[in-house]
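S.K.: This is a predicted model, with the sequence first.
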Amino acid sequence: MEKKTKLQWLRSNLDGNGWLYILSLFGVAVYSIMQLTVPFVSREIVDVFLTSDDAAANMANRRDYFFFLIFAMVGLTLLRTTIVYLSAMGCEKVSQGALYKIRTYLFNKIEHQDMNFFNTYRTGDLMTRLTGDLDAIRHMIAWVLKSCIESIFLVGATSIYFFIMDWRLALAILALAPVMLWIIILFKNKVKLRHRDLREKFANLNTDAQENISGNRVVKAFAREDYEIEKFDKANVEYSTYSKKTAMTWLEYFPYVQIVAELMPIVLLVFGGILIINKQMTPGEFVAFSGLCWAIANPMRNMGGIVNEFQRFNAAAAKVMEIYYSEPKIVDKENAIELKERVQGKIEFKNVSFKYEDGKLPVLNDVSFTVNPGETVAIMGETGCGKTSLINLIPRFYEPTSGEVLIDGINVSDIKLHDLRCSIGLASQDVLLYSDSIDGNIAYGNLRLSLEEVMKYAKYSQAAEFIQKMPERYDTIIGERGVGLSGGQKQRISLARALAVAPPILILDDTTSAVDMETEKEIQHALKSLDFECTKLIIAQRISTTKACDKILVLKDGRIVEEGSHDELVAKGGYYCSLVKLQTGEEVVA
Ligand code: GTP
Ligand code: MG
């Protein structure tokens, strides 16, 4: 995708409201120029009906004109107010539309990112991008650009009007503008970095809060509440101090801006006075000048606020655009193969090596093995040897650094990601359940499942019994991440969820580690009599699980060191055999 500047990017996200925005900004320009009408009419009233030599005669003879001016003043004010209202509504509508569009797009982008992305970005930081940063972008459309146009047109129209009335006085007043501009530029350069850092500190604060809330069980377990409160307070103080510092930056410059703005009425008084004394200016013109002096001074004073918000937008937009333009590396290839029919379930690893992008050492080294359709293969090995990393290559959560992973003889990277992942039922090591009903959690991968089917899968995973005992059975709502369930119960629901898609390939990563031996045995038994064909790859530590498998792979430091059936490996007398001795406490004879 072509990368745009921040404002170009903003324009491209106005979501079909571009014309409404242009119209609204045009309205802003019009009502800014209309600010001049009241002083213009006042000037006419003063000159014709108050200070002219024949003011009394004018009042008697040109009464209609007098009333016309009064009504014009009221009418124009009403019209101006209407335009102000409509423009503000227009800008708000456009900003909300853009906010909605960007947020949806961003969420979509995040959803389709690969694992590396989630390893890189912290949740709190992503949440900041979806909330605070997006609000700065909405504010840019709804207020900052609008205020900018307002100031430019007000100053522009007033300057022209001043020049038309009296170029000498206009020049004297506007001579102060470059000084003001110079102060604003100095301020802009200083505040730019401050906003970038402030935004980072806000993201840190959000990350702290998010990690704490989701990890509150650990905090409680270690009685570290005070420590965490102190840590959060530190981040909070840091943000608050930096926030004040950023706000103060403008106050450093404000006195100079104020002095320049205050000089304007003085210049007007001195210069205008001289011109009136010399009869080079009418009192009405002087009234118009003094009535509009604010139209130059105020926008200049407000410039600080506008520049501030511009820099806030800059910092936020940079963060949002980073995600907006980020592309996942693991995507469908051109002409990716669609899996029209259910795969048979043959899994092959051919000389697969793998290293995490941010890791230093390879995690898998030259791994080759084959699992035939319908077979059950166990993967064993000490903790950290690369079991989870190995199975993560099958659904393409990561790509091998070399070698190939094949399903039914097709390289997984040639298969459409959606089809590939729909063919795999995965119960991951870290069980994550949603705050939803048990029914909803089990049917997550296949929302069309009937309750009877959900119950069937719960029976396979030995979850049916405890679910029946719950207050609302399958409608019981479980808390965030499955709060309210024991570790083993969560594992069994996660297993039912993996089974519920009736996958041709089932991958279980330590799924029964928290389940008692008896229940585990029943699960093993149920897995053998599933009512659909399925190849099973099971990571397990217990011999009771692996014993009946067709094949066992033993991994060590990312290499397969032993491969064979239970009996074969026991006969070999290696790592597996020692594990059998350890777990059964018996000397085994093959
Ligand atoms: P257990 O689940 O504890 O039995 O271990 P495992 O065999 O499943 O190990 P796993 O595949 O999770 O990890 C293998 C190695 O990769 C370990 O040395 C980890 O430190 C490392 N590792 C795992 N995940 C990541 C990751 O996201 N990034 C990086 N850089 N290293 C990782
Ligand atoms: Mg693991």
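M.R.: Perfect, thanks for sending it. Numbers count the residues shown, from 1 in each chain. Ligands and ions are numbered 1, 2, ... in the order given.
S.K.: count of neighbours near whichever residue of the stretch 51-200 of the chain sits closest to ligand 2?
M.R.: With CB to the ion, the shortest gap between the stretch 51-200 of the chain and ligand 2 falls at residue 115, namely 13.9 Å. (Each C-beta comes from the backbone N, C-alpha and C, glycine too.) By the criterion of other CB atoms under 10 Å, residue 115 has 16 neighbours.
S.K.: per-residue confidence at it?
M.R.: As predicted, residue 115 sits at a pLDDT of 83.
S.K.: right, and it touches residue 392 too?
M.R.: Yes: Residue 115 is within contact range of residue 392, at 7.4 Å (criterion: CB atoms under 8 Å).
S.K.: rewinding a little: and the residue of the stretch 51-200 of the chain closest to ligand 2, what does it touch?
M.R.: Residue 115 makes contact with 392, 397, 398, according to CB atoms under 8 Å, 6 or more residues apart in numbering.
S.K.: Which positions in the chain make contact with ligand 2?
M.R.: Neighbours of ligand 2 within the chain, by CB under 5 Å from the ion: 388, 429.
S.K.: give the contact list for the one residue sitting closest to the centre of the chain.
M.R.: The centroid of the chain falls nearest to residue 130 when counting by CA atoms, centre = their mean (3.2 Å). Going by CB under 8 Å, 6+ apart, residue 130 touches 103, 106, 107.
S.K.: tell me the domain ranges of this protein?
M.R.: Per the record, the chain has its domains at 91-324, 333-423+505-517+532-590, 431-502, by automatic domain parsing.
S.K.: follow-up on the earlier one: does the residue nearest to the centre of the chain sit in a helix, a strand or a coil?
M.R.: Under DSSP: H, G, I helix; E, B strand; the rest coil, the three-state class of residue 130 is helix.
S.K.: quick check, distance from the helix or strand harbouring residue 185 to the centre of its chain.
M.R.: If you go by DSSP states H and E, residue 185 is part of helix 177-214. Chain-centre distance of helix 177-214: 18 Å, with CA atoms, centre = their mean, to the nearest Å.
S.K.: where along the stretch 401-550 of the chain do the helices fall?
M.R.: 417-422, 438-442, 451-460, 464-468, 487-499, 517-528, 543-546 (DSSP state H, counting those that start in this stretch).
S.K.: So is whichever helix or strand comes after the last one next to ligand 1?
M.R.: Right, helix 543-546. Using DSSP H and E, the next helix or strand after helix 543-546 towards the C-terminus is strand 551-556. No: residues of strand 551-556 contacting ligand 1 under CB under 6 Å from any ligand atom: none, with a closest distance of 6.8 Å.
S.K.: where along the stretch 1-150 of the chain do the helices fall?
M.R.: Taking DSSP H, counting those that start in this stretch as the criterion, the stretch 1-150 of the chain carries its helices at 6-12, 18-34, 37-45, 55-61, 63-111, 115-120, 123-128, 134-139, 145-165.
S.K.: residues contacting the single nearest residue of the chain relative to ligand 2?
M.R.: In the chain, no residue comes nearer to ligand 2 than residue 388, which is 3.1 Å away by CB to the ion. Residues counted as contacts of residue 388 (CB under 8 Å, 6+ apart) are 429, 509, 539.
S.K.: Tell me which helix or strand it sits in.
M.R.: helix 387-392.
S.K.: close to ligand 1, is that helix?
M.R.: Yes: Helix 387-392 comes into contact with ligand 1 (CB under 6 Å from any ligand atom), by way of 387, 388, 389.
S.K.: Provide a list of residues in contact with the last one.
M.R.: For residue 389, the contact set (CB under 8 Å, 6+ apart) comprises 354, 356, 363, 364, 398, 558.
S.K.: measure residue 270 to residue 261 for me?
M.R.: 16 Å (CB to CB, to the nearest Å).
S.K.: Sketch out the low-pLDDT regions of the stretch 351-500 of the chain for me.
M.R.: Counting by pLDDT under 70, the stretch 351-500 of the chain shows low-confidence ranges at 480-483.
S.K.: and residue 175, how many residues sit next to it?
M.R.: Residue 175 has 11 neighbours, counted by other CB under 10 Å.
S.K.: Could you pull up phi and psi at it?
M.R.: phi -60, psi -20 (degrees, to the nearest 10).
S.K.: who's in contact with it?
M.R.: With contact set as CB under 8 Å, 6+ apart, residue 175 has no partners.
S.K.: Repeat that for residue 392.
M.R.: Going by CB under 8 Å, 6+ apart, the list of residues near residue 392 reads 115, 398.
S.K.: my read: residue 435 touches residue 477, true?
M.R.: Yes: counting by CB under 8 Å, residue 477 is a contact partner of residue 435 at 6.9 Å.
S.K.: who's in contact with the closest residue in space to residue 444 that isn't next to it in sequence?
M.R.: Leaving out its chain neighbours, the residue that sits closest to residue 444 by CB to CB, 6 or more residues apart in numbering is residue 497, at 5.6 Å. Residue 497 makes contacts with 427, 441, 442, 443, 444, 445, 457, as judged by CB under 8 Å, 6+ apart.
S.K.: In terms of helices and strands, where is residue 580?
M.R.: Following DSSP H and E, one finds residue 580 within helix 575-584.
S.K.: Counting neighbours, which bits of that helix end up buried?
M.R.: By neighbour count on 16 or more other CB atoms under 10 Å, the buried set for helix 575-584 is 575, 576, 577, 579, 580.
S.K.: do the same with stretch 206-216
M.R.: Within stretch 206-216, the residues that qualify as buried by neighbour count (16+ other CB under 10 Å) are 206, 207, 208, 210, 211, 212.
S.K.: surely the second one meets residue 124?
M.R.: It refers to residue 207. Yes: at 2.7 Å, residue 207 and residue 124 qualify as touching, with contact defined as CB under 8 Å.
S.K.: any idea how far residue 394 lies from residue 331?
M.R.: Applying CB to CB, the value for residue 394 to residue 331 is 17 Å.
S.K.: Could you do residue 307 as well?
M.R.: In terms of CB to CB, residue 307 sits 41 Å off from residue 331.
S.K.: Please apply the same query to residue 370.
M.R.: With distances taken as CB to CB, residue 370 is found 27 Å from residue 331.
S.K.: follow-up on the earlier one: give me the more crowded residue out of residue 307 and residue 331.
M.R.: residue 307 (21 against 13).
S.K.: what separates the one helix or strand the more buried one maps to from the chain centre, distance-wise?
M.R.: Per DSSP H and E: residue 307 is located in helix 283-324. Distance, stretch centre to chain centre, for helix 283-324: 29 Å (CA atoms, centre = their mean).
S.K.: what do you get for stretch 218-228?
M.R.: Centroid separation between stretch 218-228 and its chain, computed with CA atoms, centre = their mean, is 29 Å.
S.K.: Can you list the neighbours in contact with it?
M.R.: residue 212.
S.K.: Show me how far the helix or strand hosting residue 265 is from its chain's centre.
M.R.: Assigned by DSSP H and E, residue 265 falls within helix 225-277. From the chain centre to the centre of helix 225-277 is a distance of 31 Å (CA atoms, centre = their mean).
S.K.: likewise stretch 357-370?
M.R.: 32 Å.
S.K.: how about it: buried residues?
M.R.: Those would be 362, 363, 364, 365, 367, 369, for stretch 357-370 by 16+ other CB under 10 Å.
S.K.: Same question for stretch 75-93.
M.R.: When neighbours are counted by 16+ other CB under 10 Å, the buried residues of stretch 75-93 are found to be 76, 80, 83, 84, 87, 88, 90, 91, 92.
S.K.: cool, and stretch 451-470?
M.R.: Within stretch 451-470, the residues scored as buried using 16+ other CB under 10 Å are 454-464, 466-467.
S.K.: Distance from it to the middle of the chain?
M.R.: From the chain centre to the centre of stretch 451-470 is a distance of 37 Å (CA atoms, centre = their mean).
S.K.: and what of stretch 339-354?
M.R.: Centroid displacement of stretch 339-354 relative to its chain, using CA atoms, centre = their mean, is 34 Å.
S.K.: quick revisit: what about the helix holding residue 307, average pLDDT?
M.R.: What helix 283-324 shows for mean pLDDT is 85.
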